[in-house]
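S.K.: next comes the sequence, and after it the predicted model I'd like to discuss.
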Amino acid sequence: MRIEARAPARVDLAGGTVDIWPLYLFHPGAQTVNIAIRCYASCVIETRADRRIVLSSQDQGLRETWENLTDLSLGTSQLPLLRELVMFFEPRRGLTIRTSSQIPAGAGLGGSSALNIALCGALARVTGKRCTRSTILEIAKNVEAIVIRVPTGWQDYYPALYGGANAIHLERDGVKRERLPLPFSDVEKRFVLCYTGQPRNSAINNWEVMKSHIDNDERVLKNFDQITTIASQMREALLARDWNDVAELLALEWENRKRNFKGISTPRIDRMIEQTRKQGTMAAKVCGAGGGGCVVFMVRPGTKLAVEHALARLGGQIINFGIARTGLEVHADQTERTREA
């Protein structure tokens, strides 16, 4: 059997970091607003004739072979996410798992979460475990926390599972996804996504901010209140298609976020934002936890190509801001295939 799965990355427009439990419980009305993009993390799983577990990452250039599931559970892997997921799903036969990603390392686009969702979907199918999308989300979230050893947020898993534009409402009685019925073609022409070339460590940045929140840093608490308000207003502005308001809120979100942790912006990010204003940039913010990675730019109508060219001259890598209409996709080839290599 051969299983192929993929899940999209996301761009967060407002409300990031507040989605980490229990931070959002202290900020009534907390939500995050994000959009799934056509930039995918993928995996291929093939069953084997033997008991071996073969793990490989195309992007990292790593390949590991374990004689059986017991050896994998006792060993130390350079691919810890794959290891933890295989141990959880407990396949009864050998597997060869290959992963790849269109998402740059450390981009701040939720790439590890997208890969996590793709792997969960594929492993559930190949092992015959009946998992709803809600179950897949819980598995992915908990396993990722085990791997990175710090708390994880909620927002990355929903666009990977469902695609589209989303408002993730973080409430006392649970986390709920609202699909935002946006005019996707109109949104796509107003945004530019650029990888700065500087990877970042979201776990460290988020953890530093979370510790400050737990320590009741008044400055951080106030900023989170403001970020919560901005996210709510961002949802309303998008639904109203008030693009000037969207731009103002994106800029305001970025200014408040920079106050949380001094490493969130970098001189390169600041330079890219400032030097593209003449070409059409209205507002911009870093994606994810910051400190590098990708920046999303909102641009005036008709200026998208000019902004993209300017960013490329500044050393940026342009990533397609096409909206992924659907999330997790899993395809199975039931033809019996076995691998021994």
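M.R.: Arrived safely.
S.K.: where along the stretch 51-200 of the chain do the strands fall?
M.R.: With DSSP state E, counting those that start in this stretch as the criterion, the stretch 51-200 of the chain has strands at 53-57, 62-66, 95-101, 165-171, 174-179, 191-195.
S.K.: how's this structure carved up into domains?
M.R.: Here the domain parsing of the chain from automatic domain parsing is 2-177+325-333, 184-319.
S.K.: least reliable of those domains going by mean pLDDT?
M.R.: For the domains of the chain, mean pLDDT drops lowest on domain 184-319, to a mean of 89.
S.K.: and the helices in the stretch 101-250 of the chain?
M.R.: 111-127, 133-148, 157-162, 184-188, 202-214, 218-240, 243-260 (DSSP state H, counting those that start in this stretch).
S.K.: list the helices and strands the first one packs on?
M.R.: Helices and strands in packing contact with helix 111-127 are listed as strand 2-14, strand 31-47, helix 80-89, strand 95-101, helix 133-148, helix 157-162, strand 329-333; criterion 3 or more C-beta pairs under 8 Å, 6 or more residues apart in numbering; DSSP states H and E. For glycine as for every other residue, the C-beta is placed from the backbone atoms N, C-alpha and C.
S.K.: cool, the last one as well?
M.R.: Using 3+ C-beta pairs under 8 Å, 6+ apart as the contact criterion, the elements in contact with helix 243-260 are strand 2-14, helix 218-240, strand 281-286, strand 294-299.
S.K.: what's that helix in contact with?
M.R.: Identification of contacts with helix 243-260 by C-beta atoms under 8 Å, 6 or more residues apart in numbering yields 13-17, 190, 209, 212, 219-220, 223-224, 226-227, 230-231, 233-234, 237-238, 264-265, 282-286, 290, 296, 298.
S.K.: would you list the buried entries among these?
M.R.: Buried members of those, scored by 16 or more other C-beta atoms under 10 Å, are 13-17, 190, 209, 212, 220, 223-224, 226-227, 230-231, 233-234, 237-238, 264-265, 282-286, 290, 296, 298.
S.K.: that older thread, Ala332 is nearest to which of the strands of the stretch 51-200 of the chain?
M.R.: Closest to Ala332 of the strands of the stretch 51-200 of the chain is strand 95-101 (C-beta to C-beta; 13.8 Å).
S.K.: okay, the closest one in CSV with CA atoms only?
M.R.: This file holds the C-alpha atoms of strand 95-101, laid out as CSV (Å, rounded to 0.1, in the frame of the first residue of the first chain):
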residue,chain,number,x,y,z
LEU,A,95,6.9,1.2,6.8
THR,A,96,9.0,3.5,4.6
ILE,A,97,8.2,7.2,5.2
ARG,A,98,9.5,10.0,3.1
THR,A,99,8.7,13.7,3.8
SER,A,100,9.2,16.9,1.8
SER,A,101,8.1,20.5,2.1
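S.K.: still on that earlier bit, of the helices and strands packed on helix 111-127, which approaches Asp71 most closely?
M.R.: Of all the helices and strands packed on helix 111-127, it is helix 80-89 that lies closest to Asp71, at 11.0 Å by C-beta to C-beta.
S.K.: what's that closest one packed up against?
M.R.: strand 53-57, helix 69-74, strand 95-101, helix 111-127, helix 133-148.
S.K.: export the helices and strands packed on helix 111-127 as TSV, with columns for distance to Thr276.
M.R.: Listed next are the helices and strands packed on helix 111-127 as TSV, based on distance: least, C-beta to C-beta, whole Å:
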stretch	distance to Thr276
strand 2-14	17
strand 31-47	20
helix 80-89	35
strand 95-101	27
helix 133-148	33
helix 157-162	26
strand 329-333	34
